[in-house]
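> Would you be able to build a 3D model of this:
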Amino acid sequence: MQRECPNIFIAVRDSGARQMSPDRQYRLAILYAQAAAKGGAAMRMMLKIIIPTEAGNRTIKDGTLPKVLEGAMNRLKAEAAYFVAEDGLRTAMIFFDMRDSADIPGVVEPLFMGIDAEVELLPVMNADDMRKGLKAAMEAM
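Numbers count the residues shown, from 1 in each chain. As a prediction, the model looks like this:
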């Protein structure tokens with residue numbers, strides 16, 4: 001489930017049986033980031049960077065690709081970064097803390113402009129977050 005804005009995809013998975021509309025998913029992702037910012041806590045995010053083959057080849061040859069990816073990891077103070085070939089395309093997954101949804105343009109624009117990337121931003125949890133969330137969910141039932 002994704003909403004396109006022109007190169008950015010913000011995806012939120014619905015754990016219920018019903019499917020959310022792309023507009024609702026988009027608003028929910030923004031609300032998560034805004035709520036985290038208001039509470040002073042950061043929202044752990046996964047930034048998925050999908051690099052088209054031609055742009056990847058060109059930016060490897062001219063040295064842009066490693067500079068753009070290193071710059072992104074440094075700016076984001078990445079917790080972790082992984083690089084894979086997904087569906088035949090170079091793909092990076094960078095995990096970081098986002099404090100404010102207003103940070104999104106600063107995160108994604110260098111990727112759009114520097115390497116013609118498609119981008120997905122997803123809120124994610126680690127094992128501790130999952131345990132805390134499940135405990136809260138059980139208490140709410």
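
> Can you give me the neighbour number for Met93?
18 (other Cβ atoms under 10 Å). Glycine gets a C-beta too; all of them are placed from N, C-alpha and C.

> does it sit in a helix or strand, and which one?
strand 89-98 (DSSP states H and E).

> What is that strand packed up against?
Using 3 or more Cβ pairs under 8 Å, 6 or more residues apart in numbering; DSSP states H and E as the contact test, the elements touching strand 89-98 are strand 43-51, helix 53-61, helix 64-76, strand 80-86.

> so where's this protein uncertain?
Applying pLDDT under 70 to the chain flags residues 1-40.

> first to last residue in stretch 109-120, what's the distance?
12 Å (Cα to Cα, to the nearest Å).

> Next, the buried residues of it.
Under the neighbour-count criterion of 16 or more other Cβ atoms under 10 Å, stretch 109-120 has Pro110, Leu111, Gly114, Ile115, Asp116, Ala117, Glu118, Val119, Glu120 buried.

> In helices, which of those residues fall?
Within those, residues falling in helices by DSSP state H are Pro110, Leu111, Gly114, Ile115.

> picking that back up, quick one, which of the helices and strands packed on strand 89-98 is nearest to Glu139?
Closest approach to Glu139 among those (Cβ to Cβ): strand 43-51, 21.7 Å.

> just to revisit the earlier point, using a markdown table, please lay out the ones in helices among the buried residues of stretch 109-120 together with distance to Ile50.
Below are those laid out as a markdown table (distance: Cβ to Cβ, whole Å):
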| residue | distance to Ile50 |
| --- | --- |
| Pro110 | 15 |
| Leu111 | 10 |
| Gly114 | 14 |
| Ile115 | 10 |
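
> Asn57: which of the residues you listed is nearest?
Using Cβ to Cβ, those come closest to Asn57 at Ile115, 10.9 Å.
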